[in-house]
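Undergrad: Predicted coordinates and the sequence they were generated for:
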Amino acid sequence: MIWDLHCHLSGVDGKTADERIAQLMGYADRMGVERLVFFMGWPFLTDPSPKQFREQNDQVLQAISHWHDRAFGFVYLNAKYVDESIKELDRCVKNGPMVGVKLWVAARCNDPAIDPIIQHAAKLKALIYQHTWFKTGGNLVGESTPSDLALMAKRHPDTPLIAGHIGGDWELGLRAIQDSPNLYAGIGGFDPTAGITEMAVRTLGADRVLYGSDIGGRSFSSQLAKVQGADIPEVSKRLILGGNLKRLLTPILKEKGIKV
Amino acid sequence: MIFDVNVYLSRWPFRRLPHDETTKLVQKLKQNQIQQAFAGSFDGLLHKDIRAVNQRLVAECKKSGPDLLIPVGTINPRLPGWEDDVIACHEEWKMPGVRLHPNYHEYQLSNPAVKKLFAMAAERKLFVQIAMRMEDDRTQHPLMRIPDVKFEALPDLMKQHDELQVTILNGMKSLRGANLTSLTENPNLTIEISMLEGVGGIEKLMKQVPYQQILFGSYLPFFYLDSSLNKLKESDLGMEIETQITWKNAQTRFVNANT
């Protein structure tokens, strides 16, 4: 059972959202990926206005509309626009089919100004994915690090939060989140560097590690390899490839009547 | 049956890797039907005693038996007397080719020494491998920020030697579009798939590059071997093309040509 935490419609052939997701599902079938989480539309916008993030979410809503029980959506928000983001959460999650939140690089997540968004998402049982990187040469102004997310996690200790890319520089990222039990490592979206998954399991335990691909810019191939090629027990691989994401999404999926 | 053109032995300078001991690496290759592999040495990146690096590489490769690991010696044309290293690789150790890291060794392909090196390689029927990058520049050690190799000078260099085979390693993350086309217009230029990304990567690459110029490379042990193996499944290649990419292209260009 493979559940993919981290999929995009960007970087994929096809003029419409329907064409793009159909093509991606063909590759997913080939690679044995059963369920997929999509967020953000195209083109990638690092600091979208409320109008723009609504349009991006419409693309995802359209894409997943024909793939019930298989493709899920996380709502793309911009932490600079708290009120508009909460309205969008209601539109797409409370009153729509989406099951999580995606925050990217518009504003750093260590700022408590983001808290109302996190609290509202938690109330809706939406799973929160925060992009994080530790970039040699420096992050973007609004780009969060895993350390930023660890600060945020302490303010919301009962809310599961995912550190996307686990900071890219995973040796730093894993250390930064290891003492935050409500933080999970999203291991998709960077090179298939050998040893990442072994260290993640050693540092966090297998139940805090989540597979994701970051297609279409990345591939199922390289990102699945991080788990399939790791020297860890099979039971750990099963958790990372799908078990953990299924567990985290089950409350909201059940609430929406989606077959788990 | 797979021929892997991009394997390294010894230690990555910044962390231990799960298969950075030759016995473990060999076991991993054998478990996955990889019957031959061109192996360079991570020591070649930073060591100045390149002759000793290549000597150790040869000794390590021999431990795996006569055919599995084929040593590809590092050449640094910035070092005094580098020409002797080429001669040693060819005559003393019978290597089929050499591997270059212009970014770690701080030279451009337009450097006159590279012209001489290509001429020596062509005369001796050695192939040349050039590694474009070793890791994502966003994760490099802050005191070791190494830019990607620039390939603008390569097409002209290759034009001067009709038979010279050149392979770009670790190039497919950032070599795209016109830059890639200008290189692969020369049929003696080959690329390998270890850093190829995007869904259906090989299928899409074949729209731009003839499959005869695409080779299987894993970049083991830095990358998980499964990454490149999975790419053969993610793209719908068909048996004939898959066989070419995984075995025949390398066998024809680099082994049969030298026997």
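TA: On my side now, so go ahead.
Undergrad: Please report how far the closest residue to residue A:42 other than its chain neighbours lies from chain B.
TA: Distances taken as CB to CB, 6 or more residues apart in numbering or on different chains place residue A:10 nearest to residue A:42, at 4.1 Å, with adjacent residues excluded. From N, CA and C alone the C-beta is placed, and that goes for glycine too. Residue A:10 sits 11 Å away from chain B, going by CB to the nearest CB, to the nearest Å.
Undergrad: Ramachandran angles for residue A:10?
TA: phi -80, psi 150 (degrees, to the nearest 10).
Undergrad: so it touches residue A:39, yeah?
TA: No. Judged on CB atoms under 8 Å, residue A:10 makes no contact with residue A:39 at a distance of 10.4 Å.
Undergrad: Compare these two (neighbour count), which wins?
TA: residue A:39 (25 against 16; other CB atoms under 10 Å in any protein chain shown).
Undergrad: Please identify the helix or strand for the nearest residue in space to residue A:66 that is not next to it in sequence.
TA: Leaving aside its chain neighbours, residue A:66 sits nearest to residue A:18 (6.7 Å; criterion: CB to CB, 6+ apart). Per DSSP states H and E, residue A:18 falls inside helix A:17-31.
Undergrad: Which neighbouring elements make contact with that helix?
TA: strand A:35-38, helix A:50-64, helix A:220-228, helix B:225-234 (3 or more CB pairs under 8 Å, 6 or more residues apart in numbering or on different chains; DSSP states H and E).
Undergrad: Out of these, the one nearest residue B:72 is which?
TA: With CB to CB as the criterion, residue B:72 lies closest to helix B:225-234 of the helices and strands packed on helix A:17-31, at 17.7 Å.
Undergrad: pLDDT (mean, whole number) over that closest one?
TA: Helix B:225-234 carries an average pLDDT of 98.
Undergrad: Then stretch A:201-208?
TA: Mean predicted confidence for stretch A:201-208 is 98.
Undergrad: Outside of that stretch itself, list whatever touches it.
TA: Where contact means CB atoms under 8 Å, 6 or more residues apart in numbering or on different chains, the residues beyond stretch A:201-208 that reach it are A:174-175, A:177-178, A:181, A:183-185, A:200, A:209, A:230, A:232-233, A:235-236, A:239-240, A:244.
Undergrad: And those, which of them are buried?
TA: Taking 16 or more other CB atoms under 10 Å in any protein chain shown as the criterion, what is buried in the contacts of stretch A:201-208 is A:174, A:177-178, A:183-185, A:200, A:209, A:230, A:232, A:236, A:239-240, A:244.
Undergrad: average pLDDT across the host helix or strand of residue B:59?
TA: Here residue B:59 sits within helix B:50-63, counting by DSSP H and E. Mean pLDDT, computed over helix B:50-63, is 97.
Undergrad: and the helix or strand following that helix, what does it pack onto?
TA: Later in the chain than helix B:50-63, the nearest helix or strand by DSSP H and E is strand B:69-71. With contacts taken as 3+ CB pairs under 8 Å, 6+ apart, strand B:69-71 sits against strand B:34-41, helix B:50-63.
Undergrad: which residues are contacting the longest one?
TA: It refers to helix B:50-63. Taking CB under 8 Å, 6+ apart as the rule, helix B:50-63 contacts B:9-10, B:22-23, B:26, B:39-41, B:43-44, B:47, B:68-71, B:73-76, B:79, B:82, B:84-85, B:88-89, B:93, B:95.
Undergrad: Up against chain B, what does the stretch 101-250 of chain A have?
TA: Contact residues, the stretch 101-250 of chain A versus chain B (CB under 8 Å from any CB of the partner chain): A:133, A:135-137, A:168-169, A:171, A:190-195, A:198, A:215-222, A:224-226, A:228-231.
Undergrad: mind listing the strands for the stretch 151-260 of chain A?
TA: A:161-167, A:183-186, A:209-210 (DSSP state E, counting those that start in this stretch).
Undergrad: Kindly state which of these is positioned closest to residue A:50.
TA: strand A:161-167 (22.1 Å).
Undergrad: Strand partners (parallel or antiparallel) of that closest one?
TA: Its sheet considered, strand A:161-167 pairs with strand A:127-133 (parallel), strand A:183-186 (parallel) by DSSP bridges.
Undergrad: Can I get those strands in a markdown table including mean pLDDT and distance to residue A:250?
TA: As requested, the strands paired with strand A:161-167 are exported to a markdown table (pLDDT from 0 to 100; distance: least, CB to CB, whole Å):
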| stretch | mean pLDDT | distance to residue A:250 |
| --- | --- | --- |
| strand A:127-133 | 98 | 10 |
| strand A:183-186 | 98 | 15 |
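Undergrad: Before I go, just wanted to say thanks for your time.
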